[in-house]
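Student: structure, please.
(one chain, ligands or ions: 1)
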Amino acid sequence: MSSFDTYNYDVLVIGAGGAGLRAAIEATANGVSVALICKSLLGKAHTVMAEGGIAAALSNVDERDNWRVHFADTMRGGQYLNDWRMAELHAKEAPDRVRELEAWGALFDRTKDGRILQRNFGGHKYPRLAHVGDRTGLEMIRTLQDHGIHQGIDVHMECTIINLLKDGERVAGALGYEREKGQFKLFRAKAIVIATGGIGRAYKITSNSWEYTGDGHSLAYHAGAELMDMEFVQFHPTGMVWPPSVRGILVTEGVRGEGGILLNREHKRFMFNEIPELYRLQTADNEEEGWKYTQGDRLAKRPPELLTRDHVARCIVREIKEGRGSPHNGVFLDISWIKTKIPNAAEHIKKKLPSMYHQFKKLADIDITKEAMEVGPTTHYMMGGIRVNADTQMSTVPGLFAAGEAAAGLHGANRLGGNSLSDLLVFGKRAGEFAARFAKENSQGVIDDRKVEAFVQQALEPFERTAGDNPFQVQYDLQDAMQDLVGIVRKEDELVKAMHELKKLRERFSKVRVIGNREYNTGWHTALDLQHLLTVSEAITRAAIERKESRGAHFREDHPQKDEHSGNCNLIIVKGEDGQMLVKRMPLRDMRPDLIQIIDEMK
Ligand code: FAD
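Tutor: Model (predicted):
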């Protein structure tokens, strides 16, 4: 029998980004014992990398904004596949969550009269993103940590959860290992919140860092929870493309929000060429009007560079495919041109986009106040995730909750920029509150020691093999297959080919070999991550095959139109009795009449 430390908590929160921290704060505030676990150091989560801002209808910059407009924008952006109740709660509660963050010490940029400043972002009708320059996530995570740290939360850093444990139908605990020493840790808990973020590392070009291997999605799926909307992977239109070592690093949408324009190699502003019908009435049809919008002219319409991310990414791909791309297979993003419009443009850019200025100066030797950047799409965000109840955030497994990027529902087929940080605050809080309530109403479940032992042995198997594949090589090959076959533009034969590739990769995974010992062994860590990467990659591919239409982030070259008939559903991924992955269609719930009315009024 293996030996390991055992811990008992009422609520276990897996993931210490914005969603996990907010959930942990709320659960402690409800009087239960809480542990917060993270794969890397506390503070090193995607949330800290968030640049552009938090979307909330505070109406500080434009008083025409309110929760109804935010709700309608979010639903339109998600192509109406969103869980409308989540979109409603999110739009209504986001302003309070932002004000609460301010009360806890967050220092936002200010309007001239001292209120929280808000900026334009793609798909948002009015300036809506509360921000701190282009370092909003850093301020958000600092504030949540400072506030949370005094609440008595136990933090287990550099600890990776590899299995969830159940008592009958309900969740009862989790097994993890300490990355530094390689020791196992058993956590018994009455309720668990999954807040593990995204899946970006399933692709070769991504803005996501090494931790984002879809662990929470996969842990929940193997524990019997349903996944939803897995075909919708967001490819952000603007990632760095050069030099190769930094390919994929994000270039914030804030650049376009501040007036940045997209140009092809002929220096033509190509985004005016194709405006989707759904946005025609809201989009400028000339450059001057677009510029005025970015400068706060309330009568002007938004420039096409601020259309939704799915659309902008596809327009960029078209320019590159048709031979009008930049030298390194991207297009140009130019903010320096604003010197023809405003005095002291260089200082203005450095003040508004300090991280972007330093990022390009240090990594690409480009001065963005003088030259255009080269950019191209990068895998950025996962709309799909664990299916949860909109109000409580509980999954289909009793006691198992999810929030943030690991959960599905709010964003539908495409997320609007800024709607993630607000999602973390609104639904992190709800997940913490309802997990605490569940923990108070239920006793601790019983964990079968034999099951734990079996998971431990399974995790150690790669050390015991005398021959086998290198886990890093399997991960690279998986990323190549997903990038090439399940990327921005998809078609049936390539998706089917991806399924064959994934089958072969799964066979190789069952034989991966790790050398050395358990202390900080990144080969072993990668071998354990592979299980999750394979699960989410298969879920994405199966759902992409099933959705035979183009909608939001899912574009099928062989089915380029939206199918209002068969496409109006969510796709659910669930583990069948025989362990096979199943895809089910779930019809959309009828929307409440008052919400339908809001959408109709905002059209
Ligand atoms: P994360 O912040 O990703 O945190 C996940 C946590 O889970 C981490 O602590 C990680 O260590 C832990 N974890 C993962 N797996 C395990 C495991 N197996 N065991 C234990 N712990 C685990 N959104 C916006 O709204 N506005 C923006 O301006 C914006 N800018 C962005 C810029 C960049 C560069 C990126 C990458 C994203 C940006 N986003 C933005 C998206 C947004 O930042 C993320 O969607 C959001 O931060 C996700 O938060 P989260 O709490 O769900 O997860």
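
Student: tell me how far the residue in the stretch 51-200 of the chain that the ligand sits nearest to lies from Ser326.
Tutor: Taking Cβ to the nearest ligand atom, the ligand has its nearest neighbour within the stretch 51-200 of the chain at Gly197, 2.5 Å off. For glycine as for every other residue, the C-beta is placed from the backbone atoms N, C-alpha and C. Gly197 sits 31 Å away from Ser326, going by Cβ to Cβ, to the nearest Å.

Student: between the two, who's got more neighbours?
Tutor: A direct count of neighbours by other Cβ atoms under 10 Å for Gly197 and Ser326 places Gly197 higher, at 33 against 21.

Student: I'd say the more buried one and Ala402 touch.
Tutor: No. Gly197 is not in contact with Ala402 according to Cβ atoms under 8 Å; the separation is 11.1 Å.

Student: alongside the ligand, which residues does the stretch 151-300 of the chain contribute?
Tutor: Applying Cβ under 6 Å from any ligand atom, one finds that the stretch 151-300 of the chain approaches the ligand through 160-161, 195-197, 207-208, 211, 215, 250.

Student: again, only this time at 8 Å
Tutor: The stretch 151-300 of the chain has residues 159-162, 176, 195-198, 200, 207-209, 211-213, 215-216, 219, 249-250, 252-254 near the ligand, with proximity defined as Cβ under 8 Å from any ligand atom.

Student: can you check the stretch 451-600 of the chain too?
Tutor: Selection of the stretch 451-600 of the chain residues close to the ligand by Cβ under 8 Å from any ligand atom yields His532.

Student: how about the helices in the stretch 451-600 of the chain?
Tutor: Taking DSSP state H, counting those that start in this stretch as the test, the helices found in the stretch 451-600 of the chain are 471-485, 492-509, 522-546, 593-602.

Student: would you mark the buried spots in the last one?
Tutor: Buried residues in helix 593-602, defined by neighbour count with 16 or more other Cβ atoms under 10 Å: 595, 598-599.

Student: would you format these as CSV with pLDDT included?
Tutor: Below are the buried residues of helix 593-602 laid out as CSV (pLDDT from 0 to 100):
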residue, pLDDT
Leu595, 98
Ile598, 97
Ile599, 96
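
Student: burial of Gln580, as a residue count?
Tutor: The criterion is other Cβ under 10 Å. On that basis, Gln580 has 8 neighbouring residues.

Student: let me know the pLDDT of it.
Tutor: With respect to pLDDT, Gln580 scores 96.

Student: thinking again about what came up before, from the buried residues of helix 593-602, pick the one nearest Gly148.
Tutor: Within the buried residues of helix 593-602, the smallest distance to Gly148 is 33.6 Å, found for Leu595 (Cβ to Cβ).

Student: for that closest one, give its distance to the ligand.
Tutor: Applying Cβ to the nearest ligand atom, to the nearest Å, the value for Leu595 to the ligand is 23 Å.

Student: you'd agree that residue is up against Phe71?
Tutor: Yes. Leu595 is within contact range of Phe71, at 7.1 Å (criterion: Cβ under 8 Å).

Student: thinking again about what came up before, buried deepest among the helices of the stretch 451-600 of the chain, which one?
Tutor: Ranked by mean neighbour count, these are led by helix 522-546 with a mean of 23 (mean count of other Cβ atoms under 10 Å).

Student: what is in contact with Gly197 and Ala402 at once?
Tutor: By Cβ atoms under 8 Å, 6 or more residues apart in numbering, Gly197 and Ala402 have these common neighbours: Gly216.

Student: export stretch 188-208 to CSV, keeping only CA atoms.
Tutor: Only the C-alpha atoms of stretch 188-208 are listed here, as CSV (Å, rounded to 0.1, in the frame of the first residue of the first chain):
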residue,chain,number,x,y,z
ARG,A,188,-11.2,14.2,1.1
ALA,A,189,-13.9,16.8,0.5
LYS,A,190,-17.7,17.2,0.7
ALA,A,191,-17.8,19.4,-2.4
ILE,A,192,-15.3,20.1,-5.1
VAL,A,193,-15.1,23.2,-7.4
ILE,A,194,-13.2,22.7,-10.7
ALA,A,195,-11.6,26.0,-11.9
THR,A,196,-8.7,24.6,-13.9
GLY,A,197,-9.0,27.0,-16.9
GLY,A,198,-8.5,26.0,-20.6
ILE,A,199,-7.1,23.5,-23.0
GLY,A,200,-4.8,25.6,-25.2
ARG,A,201,-1.9,23.2,-25.0
ALA,A,202,-3.9,20.7,-27.2
TYR,A,203,-2.7,22.9,-30.1
LYS,A,204,0.7,23.9,-31.4
ILE,A,205,0.1,27.6,-31.7
THR,A,206,-1.5,29.0,-28.5
SER,A,207,-1.5,31.9,-26.2
ASN,A,208,-1.9,29.5,-23.3
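
Student: so how far is it from its chain's centroid?
Tutor: Distance of stretch 188-208 from its chain centroid, counting by Cα atoms, centre = their mean, to the nearest Å, is 9 Å.

Student: can you flag the buried ones in the residues of the stretch 151-300 of the chain next to the ligand?
Tutor: For these, buried by 16+ other Cβ under 10 Å: 159-162, 176, 195-198, 200, 207-209, 211-213, 215-216, 219, 249-250, 252-254.

Student: narrow these to those in helices?
Tutor: Judged by DSSP state H, those include 215-216, 219, 254 as members of helices.

Student: contact partners for the residue of the stretch 451-600 of the chain at minimum distance from the ligand?
Tutor: Ranked by Cβ to the nearest ligand atom, the top residue of the stretch 451-600 of the chain for proximity to the ligand is His532, at 7.5 Å. Counting by Cβ under 8 Å, 6+ apart, His532 makes contact with 213-215, 217-219.

Student: returning to that earlier point: out of the ones in helices among the buried ones among the residues of the stretch 151-300 of the chain next to the ligand, the closest to Met49 would be?
Tutor: The shortest approach to Met49 among those belongs to Gly254, at 13.2 Å (Cβ to Cβ).

Student: excluding its backbone neighbours, what's nearest that closest one?
Tutor: Excluding the flanking residues, the one nearest Gly254 by Cβ to Cβ, 6 or more residues apart in numbering is Gly52, at 4.2 Å.

Student: phi, psi for the nearest residue in space to Gly122 that is not next to it in sequence please.
Tutor: Closest residue to Gly122 apart from its sequence neighbours, by Cβ to Cβ, 6+ apart: Leu306 at 4.6 Å. In terms of degrees, to the nearest 10, the main-chain angles of Leu306 are phi -100, psi 20.

Student: how far away is Leu306 from Ile599?
Tutor: Distance, Leu306 to Ile599, using Cβ to Cβ: 21 Å.

Student: can you check Arg256 too?
Tutor: Arg256 is 26 Å from Ile599, by Cβ to Cβ.

Student: so, low pLDDT: which residues of this protein?
Tutor: For the chain, the stretches with pLDDT under 70 are 1.

Student: so which strand or helix has the residue positioned nearest the centre of it?
Tutor: Geometric centre of the chain, nearest residue: Tyr381, 3.5 Å, by Cα atoms, centre = their mean. Per DSSP states H and E: Tyr381 is located in strand 373-382.

Student: which residues touch the very next helix or strand once past that strand?
Tutor: Next in sequence after strand 373-382, counting helices and strands by DSSP H and E, comes strand 385-386. With Cβ under 8 Å, 6+ apart as the test, strand 385-386 has contacts from 194, 216-217, 220, 225-230, 395, 402, 405-409.

Student: repeat that for 7 Å
Tutor: Where contact means Cβ atoms under 7 Å, 6 or more residues apart in numbering, the residues beyond strand 385-386 that reach it are 194, 217, 220, 225, 227-228, 395, 402, 405-408.
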